[in-house]
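Asks: Quick one, what's the 3D model for this:
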Amino acid sequence: MPDHLLELRHVSQVYRAGGQQFPALQDVNLTLDDGEFAVLVGPSGCGKSTLLRIATGLQVPTSGQVLYRGQPLHGVNPRATIVFQTFALFPWLTVLRNVEVALEARGVPPEERRRRAEELIDRVGLDGFEGAYPRELSGGMRQKVGFARAMAVEPELLCLDEPFSALDVLSARALRGELLELWTGGKIPTRAILMVTHNIEEAVFMGDRIVVMDKNPGRVVAERRVPVPQPRAMKDPRLSAVVDEVYGILAGTTQPEPVELGSAPGEPGRLRALPDAAVGSLAGLLEHLAATPGGRHDLYRLAEDLGVDSDHILRTVEAAELLGFATVAEGDVALTPLGETFAEAGILARKEIFATRIRRIPLFRWLLELLEAAEGKRLRDEVVVRALALEFPAPVAERQLRVVIDWGRYAELFAYGEDTGVLFLEPTEAPTSR
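Replies: Residues are numbered from 1 along each chain as shown. Purely as a prediction, here's the structure:
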């Protein structure tokens, strides 16, 4: 018997666009054993979902090898299936028919597939809803249908791509518990589960092993075993310790300013992508830290205190680091004197502080220089996106423009016409002579 159910060896994925190469994954090594529930966590854009598609054969890596039960994987793995974050149900089919579709595609005879579909629908707690259509179901119930359909083909490997992210908090909590009950109780034929999530608390609560990834490029930076058997209590201090450690790994340690700021497009060095964080969220974080004794807080407790998920917290903290409003070390975030000043300032003073700080960011300096040199000091947003696409993949370039516009408009560095799609510098008022 092979040592591992699934093995990824030195897997890399490079996307090419406009003559540029963008590494999405770099030299990833990963194993999954029989009976194991492993979870991939990391920031948005680190390639978690790409890695999941590669593991199931839905995507071929640029380099590296995928082995399943010791044999090279060629094409889609017939022993694996994926549940996506969107429910992906056929709206014109009933619950029963949605589940039967997976079996029909495998050539299962009508009577057998109906029996198996009904059994699975009952197993996920939807008995009595066989004749209902997706529009009649809640989000949690629709995702249960997705789970039933995935399990209908009796996969050895069940892959979950953020399966609870589209649900409300209570529905997600209930569905997590029900999936764990099926898994730990041996009520599904699956031999191993590989899940992707950006929710660190969810990962530690559900997984046996946490695989931590980072981005630029996507890579595995750490692995941690969860030393708590199932069933688990969410508030178990042993789980909290693992959550705290994973937060610390992802947040890292604040670097000197030249490293944090990066370089401008076209300049030597690493171009720093701006974190997708709203100014309002940043202000709320700084106010919360200012109200905390010593201005210091455990990162992993912030999500619960502020009622947001871990990905949101990490992006907002990254923005605070970049602007010099906070520092991060050993899993804690601490307010700087400048951050404290911002938190206590009024509306106009905050704008001035924010404008001063983002002018130091090379990406903003580059954009302001482009606007100054442009005819009429105006640029269409599509021009800026095309320029950014020389440095980032197209979807990332579009998100970067959105963040630049949101931050720049708040700081009143430039204006933007939503209807025209034009960024422009507003004329400054000349001083009047007396």
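Asks: So which elements touch the one helix or strand residue 119 maps to?
Replies: Assigned by DSSP states H and E, residue 119 falls within helix 110-123. The helices and strands touching helix 110-123, judged by 3 or more C-beta pairs under 8 Å, 6 or more residues apart in numbering; DSSP states H and E, are helix 95-105, helix 139-152. Where you see a C-beta, it was placed from the backbone N, CA and C, and this is true even at glycine.
Asks: pull the CA atoms of that helix into CSV?
Replies: In CSV, the C-alpha atoms belonging to helix 110-123 read as follows (Å, rounded to 0.1, in the frame of the first residue of the first chain):
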residue,chain,number,x,y,z
PRO,A,110,-32.6,4.5,-12.3
GLU,A,111,-33.9,2.3,-9.4
GLU,A,112,-30.5,2.1,-7.8
ARG,A,113,-29.7,5.8,-8.1
ARG,A,114,-33.2,6.7,-6.6
ARG,A,115,-32.6,4.5,-3.6
ARG,A,116,-29.1,5.9,-3.0
ALA,A,117,-30.2,9.5,-3.5
GLU,A,118,-33.1,9.1,-1.0
GLU,A,119,-30.7,7.5,1.5
LEU,A,120,-28.3,10.3,1.3
ILE,A,121,-31.0,13.0,1.5
ASP,A,122,-32.2,11.3,4.7
ARG,A,123,-28.6,11.1,6.0
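Asks: what angle separates it from helix 95-105?
Replies: Interaxial angle of helix 110-123 relative to helix 95-105 (axes from the mean of the first three to the mean of the last three C-alpha atoms, to 10 degrees): 130 degrees.
Asks: what angle do helix 110-123 and helix 139-152 make?
Replies: Using the same axes, to 10 degrees: helix 110-123 against helix 139-152 is 140 degrees.
Asks: How about residues contacting helix 110-123?
Replies: Helix 110-123 has contacts (C-beta atoms under 8 Å, 6 or more residues apart in numbering) with 95-96, 99-100, 103-104, 108, 127, 129-130, 145, 148, 151-152, 182, 187-188.
Asks: buried stuff in it?
Replies: Of the residues in helix 110-123, 113-114, 116-118, 120-121, 123 count as buried by neighbour count, 16 or more other C-beta atoms under 10 Å.
Asks: cool, and stretch 403-410?
Replies: 403-408, 410.
Asks: residue ranges for the helices of the stretch 201-350 of the chain, please.
Replies: Remark: helices assigned in the stretch 201-350 of the chain by DSSP state H, counting those that start in this stretch are 237-251, 257-261, 279-290, 299-306, 310-322, 337-344, 347-358.
Asks: List the buried residues for the second one?
Replies: Just to be clear, that refers to helix 257-261. For helix 257-261, burial by neighbour count (16+ other C-beta under 10 Å) applies to 260-261.
Asks: Return the alpha-carbon coordinates of it using CSV.
Replies: The C-alpha trace of helix 257-261 is given here as CSV (Å, rounded to 0.1, in the frame of the first residue of the first chain):
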residue,chain,number,x,y,z
GLU,A,257,9.3,50.7,6.4
PRO,A,258,11.2,50.3,3.1
VAL,A,259,10.3,46.6,3.1
GLU,A,260,6.7,47.2,4.1
LEU,A,261,6.2,49.9,1.4
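Asks: closest to residue 88 out of the helices of the stretch 201-350 of the chain?
Replies: Taking C-beta to C-beta, helix 310-322 is the member of the helices of the stretch 201-350 of the chain nearest to residue 88, at 22.1 Å.
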